[in-house]
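Student: Dropping a prediction and its sequence here:
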Amino acid sequence: MKKILSAALLLLCLFPSMGAHTSTGRSVYLDIMQSSVEAYSPERIREYIERVDRQGITEHGYARLTANLGILVSQGRMTEKKGLFEEMMDICVRELPLARQKNSKIGEIGNDFAVKEVVCCIVELEKAAVFPKEKTDEWRCALTGMKAEDIYSVRPSPGDSVARNWCVFGAASECARLMAGIGGDREYADLYLGDQLRFFDENGMYRDPHSPMVYDLVTRLQYMAALDFGYDGPARKAIEEELMKSAGYTLMMQSVSGEIPYGGRSNQFLHNDAFYAAVCEYYASWMKDLGDLQAAARFKAAAARATESLMYWFSQDPVHHVKNRYPTESGYGCEKYAYFDKYMVTTASWAYLAWRFADDSISPSSHREKRSTFVTSPDFHRIIMNAGGYTVQFDWDAQGEYDSSGIGRVQKKGAPPTVAIASPCPSVRKPNYKLDLENDGPLAIAPSWDKFEIVSAGKGKVVMTDGKGSVWISRLSRRGLSMTLKGEGKQVLALPAMVFDGENEYSPTLDRNVLQNTMEGWNFRCSSNGTISDTGKIHASRNGHLRRYEASHDRRLKVRLKIFRHQ
C-alpha cells in the first residue's frame, strides 16, 4: 500500500522530468497544471483532437486542455508539445465562435467555462513570444468578433428566481477579453456580475440551487477572476463586500486534510482543492494589499494545505480525477457531466488562477489554525468543527441524491483523508452520481433520526436533537471525537468503515466492542460503552465502499473515535 510521501520527495516523484524547475513558491501551481495535462495520454489527446475536429466543441474540456497546455509552453514547460498545441489551438479558435450555433442542443458547450482560459493562454504566449506575432494575431482575430449573446448558453433574465452560476463564468470571460483587447462586452459583465449578487447569503456564500459547497467557492472564484482581470464596473463595491464577508469563513471551512467541505454536486474531485487554493491565494494577496499581513499569511497557509491535498492524490498511479481509485473509465463517483476528459484538466485551469493570483512575498503562517466551529446558513445546512488537529463535518439536512445527514467527515492532520470517512453515502438508491451498488438507506456517523436540529454549536462542541427528546452531543479535541447519545430506550449510532477504494481492500476488525481499521500506516479506532455490532451491510460513497457497523446501549450511549499512527 502506498505511503504518504514528504512534500519535497513527493514533488521529485511527481515531476521528475522538470529538470531545473524547483517547485518553489507559486511555481508549484505550474507543477499541478503539468501533472493535470500529463494525465492525458497521447492516445487520449489524439482521439480528443479528432473528435472535436469532426464534431466541434461540445463541452469545455478540449478548450481547457488546449489553453493549459499553451500556458505551460509559455512558461517553458512541455515545450516538446509546442506543435501539438498549435494544432489544437487552431481547431479551438475555429470552433469556439461556432460552438453554440453547432451544438446548443447538447445544453452545455465549452464557451461558458473556457473562453477566459483561451484568452489568458494567448496573453501568456504573447508575453513569452513563443510564437510569431502573426500567429497569435491570427488567434486573436478569430475570437475578437465573438458576441456574448451568441456564444454563451446560459443568459438568464435579470430577476430570474434561480441562481445561474454559468453566467458568472461568462461574465468573467468577458472581463478577460476586455483586459486582453480580444473583444468583450462590458455591459454583459456589468449585468450578470451585478445580478447574481442576489444569491449570496448573510455569510457571503453563493447559493446555487440546493447550495452545493463547490458552487459557492467556484462562483466566488469567478468574481475574483473578474476583479483580477480589471473589472471596475458598478458591481465592484458590492462584489468586494460579499467576498470580504466570506473571507474568515473560508478558512474555517477547510479540513485539516486540505479539502473543501463535502456535500452536493461536483464534490470529491481533484479540481476542488485547486480552486480552493486559488480562492485563498486571492484572499492572501488582497489582505496584504489591505495591510493585514497576519490574515495574508493564514490564507497562504490554507492554499499550501490545499496543494498538499492535491499532491496526495497526484501521487497515485494512475492519476484519477475523483478521490477514489476506481478505473477512470468506470465513472465511479462521477456525475454524468463529470467525466475525466472534462474534469481532469479543470484542475489545471484553477491552478492557473492560483498561479496568477499568488504573491511569493507572502510567507505562510506557521501557526495551526485556531479551534473553530462554523455553522453555515440553513441553505448550506453544514457545521465544520476544527480542533486538536481534527476536522469533523456535520450535515443536518442532507440532499439524499448526494449525501446523508449526520457526520460525513472525520479527518486527522497527516492521515489519509479517507481512513475514517471523508464523505457520506447518498441515502437514495439512485443517486446523482455513478456507484456500483444501491444503498439501503443513509450512511454517515449518525443516529437513525428523521430530522436533526441544532441545540448549540460552539468551539469543540456540537449538540443536536431529533426534536423528540433524544440528544446527540459531540466534542472534539486532540484526543479525538467523543460522542454521547441520550434518550429513552435503546440508543443506536451508525459507524461506517472503509472496505474498498476501487483498488485496495481494507479489513476492519471488531474485538471487545472496539472497531479498528488501518490505512497507509494509520489506524481509525472506535470504542464504546455499549455494543458495537457488524450489520453486514455495505454502502457506497464517492470514495468507495463502507461497511456499516452500529454502536448501541440502553438510554445513554458513548462512543469515542480516534485516528492515530499504526504501531
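Tutor: Noted; the coordinates are in hand.
Student: Got the domain ranges for the protein?
Tutor: Domain assignment for the chain, taken from automatic domain parsing, gives 27-146, 154-245, 372-565.
Student: Please identify which of these is closest to residue 362.
Tutor: Ranking the domains of the chain by distance to residue 362, with C-beta to C-beta as the measure, places domain 27-146 first at 13.9 Å. Heads up, the C-betas are built off the backbone N, CA and C, glycines and all.
Student: Do me a favour and get the end-to-end distance for that closest one?
Tutor: 33 Å (C-alpha to C-alpha, to the nearest Å).
Student: Which parts of the stretch 451-567 of the chain are strands?
Tutor: For the stretch 451-567 of the chain, the strands defined by DSSP state E, counting those that start in this stretch occupy 453-458, 461-465, 471-477, 480-500, 509-511, 514-519, 522-528, 531-541, 544-565.
Student: Just checking: what are the partner strands of the fifth one?
Tutor: The sheet places strand 509-511 alongside strand 514-519 (antiparallel), with pairing taken from DSSP bridges.
Student: Would you mind getting the angle between the strand it pairs with and strand 531-541?
Tutor: Strand 514-519 runs at 30 degrees relative to strand 531-541, counting by axes from the mean of the first three to the mean of the last three C-alpha atoms, to 10 degrees.
Student: about what we covered before: residue 375 is nearest to which of the strands of the stretch 451-567 of the chain?
Tutor: strand 453-458 (4.9 Å).
Student: Distance from the closest one to the middle of the chain?
Tutor: With C-alpha atoms, centre = their mean, to the nearest Å as the basis, strand 453-458 stands 27 Å off its chain's centre.
Student: Repeat that for stretch 94-107.
Tutor: For stretch 94-107, the distance to the chain centre is 28 Å (C-alpha atoms, centre = their mean).
Student: May I see the buried residues of that stretch?
Tutor: 95-100, 103 (16 or more other C-beta atoms under 10 Å).
Student: Other residues contacting that stretch?
Tutor: Identification of contacts with stretch 94-107 by C-beta atoms under 8 Å, 6 or more residues apart in numbering yields 52, 55-59, 63, 109-111, 114-115, 118, 142-143, 145-146, 150-153.
Student: Figure out the length between the terminal residues of stretch 459-478.
Tutor: Stretch 459-478 end-to-end distance (C-alpha to C-alpha) = 13 Å.
Student: So for that stretch, mean pLDDT?
Tutor: Stretch 459-478 shows a mean pLDDT of 96.
Student: Excluding covalently adjacent residues, which one is nearest to residue 63?
Tutor: Among residues not flanking residue 63 along the chain, residue 114 sits closest, at 3.6 Å (C-beta to C-beta, 6 or more residues apart in numbering).
Student: Let's verify that neighbour: helix, strand, or coil?
Tutor: helix (DSSP: H, G, I helix; E, B strand; the rest coil).
Student: Surely it is in contact with residue 65?
Tutor: No. Using C-beta atoms under 8 Å, residue 114 is not in contact with residue 65; the gap is 9.3 Å.
Student: Regarding residue 393, what is its secondary structure?
Tutor: strand.
Student: Tell me the pLDDT of the nearest residue to it once chain neighbours are set aside.
Tutor: In space, residue 393 comes closest to residue 409 once its chain neighbours are excluded; the distance is 4.0 Å by C-beta to C-beta, 6+ apart. pLDDT, residue 409: 98.
Student: Find the residue ranges of this structure scoring beneath the pLDDT cut-off.
Tutor: Applying pLDDT under 70 to the chain flags residues 1-23, 104-108.
Student: And the helices in the stretch 251-400 of the chain, which stretches?
Tutor: Remark: helices assigned in the stretch 251-400 of the chain by DSSP state H, counting those that start in this stretch are 270-289, 293-314, 340-357.
Student: Just the C-alphas of the shortest one, formatted as CSV.
Tutor: The C-alpha atoms that make up helix 340-357 are tabulated as CSV, following Å, rounded to 0.1, in the frame of the first residue of the first chain:
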residue,chain,number,x,y,z
PHE,A,340,-12.2,12.5,-17.0
ASP,A,341,-11.7,14.4,-20.2
LYS,A,342,-13.6,17.4,-18.8
TYR,A,343,-12.8,17.4,-15.1
MET,A,344,-9.2,16.3,-15.0
VAL,A,345,-7.9,19.5,-16.8
THR,A,346,-10.3,21.6,-14.8
THR,A,347,-7.7,21.1,-12.0
ALA,A,348,-5.1,22.9,-14.2
SER,A,349,-7.5,25.8,-15.0
TRP,A,350,-7.9,26.6,-11.3
ALA,A,351,-4.2,26.1,-10.7
TYR,A,352,-3.5,28.7,-13.3
LEU,A,353,-5.7,31.2,-11.5
ALA,A,354,-3.9,30.3,-8.2
TRP,A,355,-0.6,30.9,-10.0
ARG,A,356,-1.9,34.2,-11.4
PHE,A,357,-3.1,35.4,-8.0
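Student: which parts of it are buried?
Tutor: Neighbour-count burial for helix 340-357 flags 340-357 (criterion: 16+ other C-beta under 10 Å).
Student: ok, now the longest one?
Tutor: Applying a neighbour-count criterion of 16+ other C-beta under 10 Å, one finds 295-314 buried in helix 293-314.
Student: related to what we said a few turns ago, need the domains of the chain in CSV with distance to residue 328, can you?
Tutor: Listed next are the domains of the chain as CSV, based on distance: least, C-beta to C-beta, whole Å:
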stretch, distance to residue 328
domain 27-146, 9
domain 154-245, 20
domain 372-565, 10
